[in-house]
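**Student:** Have a look; sequence and predicted model below, questions after that.
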Amino acid sequence: MNKKGFVSLVGAGPGDAELLTIKALRLLEQADVVVYDRLVSNDILSLIPTGISRISVGKEVGKHCVPQNEINEIIVNLANSGRKVVRLKGGDPYMFGRGGEEALVLKKHHIAFEIVPGITAASGCSAYSGIPLTHRGMSRRVQFITGHFNNDEPLDLNWQSIADPDSTLVIYMGLSNLPLVIDALIDAGLSAATPAAAIQNGTTTSQKRLITRLDKLNEAIQRKQMQAPVMIIIGEVVSLADELDWFQSELEENYYEKSAVHH
């Protein structure tokens with residue numbers, strides 16, 4: 001019987017290949033096989049040496065992405081064949097990346113594994129957009145939510161708690177339910193004039209940044225035809241985006257509605 005392999009659940013970060021950790025890069029170079037998501041950038045995939053098998057479990061044109069139970073099965077089978085497996089996930093494995101689910105499956109099958117954190121999209125997109133997630137006098141805490149629940153379940157969240165003017169709200173996968181989220185936040189008391197940002201393809205050379213106010217956000221995204229992956233950031237810290245911009249000004253795609261945002 002083959003000796004069992006080993007699985008590294010690795011965060012690839014938000015897109016910029018230089019934001020990979022040294023450990024992540026080493027594991028990619030030493031892997032027998034890399035199982036990767038659709039949000040892993042081509043720049044990162046190009047770092048995988050020739051000869052190492054790659055298996056895409058992300059969405060292809062006209063096809064749905066591989067269901068989670070099939071992904072679990074692929075990883076388990078590869079490990080059981082004695083391979084060193086890198087399960088490469090966009091951002092961080094444990095931040096809306098279903099890394100916990102995959103780790104539990106490995107545990108159940110008595111397969112050794114490790115978790116290699118990656119820079120989550122919230123940190124990457126905010127940093128590359130001139131938006132500090134916390135800032136003295138503006139934001140005392142950060143809330144991360146997903147705008148898309150599994151199996152299209154309703155967004156049953158504590159909106160009173162989330163609609164906090166002293167915090168920064170970061171929404172992953174928020175495009176499809178954004179009108180509902182905006183209405184819920186305003187209904188729960190968050191000012192319609194709260195600064196808001198949408199960042200598409202954050203940290204990459206195709207990054208697009210949109211700065212507006214909460215009640216205008218969905219309309220502005222539609223107008224600029226922004227498409228996933230888009231990170232939404234809502235809170236007073238967004239008003240610093242112009243002043244603290246160091247990256248976006250080098251790119252063409254920068255939508256800043258000055259009239260809508262003020263300190």
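**Tutor:** Sure thing, it's come through.

**Student:** Quick check, Glu101 in contact with Gln68.
**Tutor:** Yes - if you go by C-beta atoms under 8 Å, Glu101 and Gln68 touch, sitting 6.6 Å apart. Using the backbone N, CA and C atoms, a C-beta is placed for each residue, glycine as well.

**Student:** For burial, what's the neighbour tally of Lys23?
**Tutor:** Lys23 has 13 neighbours, counted by other C-beta atoms under 10 Å.

**Student:** How about it: what's its closest non-neighbour residue?
**Tutor:** Val116 (5.4 Å; C-beta to C-beta, 6 or more residues apart in numbering).

**Student:** so what's the one you found bridging to?
**Tutor:** Val10 (DSSP bridges).

**Student:** I'd guessed it sits against Leu27; true?
**Tutor:** Yes - with contacts counted by C-beta under 8 Å, Val116 reaches Leu27, the gap being 6.7 Å.

**Student:** and for those two, which residues touch both?
**Tutor:** 8, 10 (C-beta atoms under 8 Å, 6 or more residues apart in numbering).

**Student:** Need the three-state assignment for Ile171.
**Tutor:** Secondary structure state of Ile171, per DSSP: H, G, I helix; E, B strand; the rest coil, is strand.

**Student:** Enumerate every residue touching it.
**Tutor:** Contacts of Ile171 by C-beta under 8 Å, 6+ apart are 145-147, 178, 181, 231-234.

**Student:** go with 6 Å
**Tutor:** 145, 147, 232 (C-beta atoms under 6 Å, 6 or more residues apart in numbering).

**Student:** From Ile234, how far off is it?
**Tutor:** 7 Å (C-beta to C-beta, to the nearest Å).

**Student:** likewise Gly82?
**Tutor:** Distance from Gly82 to Ile234, by C-beta to C-beta: 48 Å.

**Student:** Tell me which stretches of this protein form strands.
**Tutor:** 6-11, 33-36, 53-56, 84-89, 112-116, 141-146, 167-172, 195-200, 208-213, 230-234, 254-256 (DSSP state E).

**Student:** Could you export the ones you listed as TSV, including distance to Asp187 and mean pLDDT?
**Tutor:** Putting the strands of the chain into TSV (distance: least, C-beta to C-beta, whole Å; pLDDT from 0 to 100) gives the following:
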stretch	distance to Asp187	mean pLDDT
strand 6-11	35	98
strand 33-36	40	98
strand 53-56	41	96
strand 84-89	34	98
strand 112-116	38	98
strand 141-146	16	96
strand 167-172	15	97
strand 195-200	16	98
strand 208-213	16	96
strand 230-234	14	97
strand 254-256	27	63
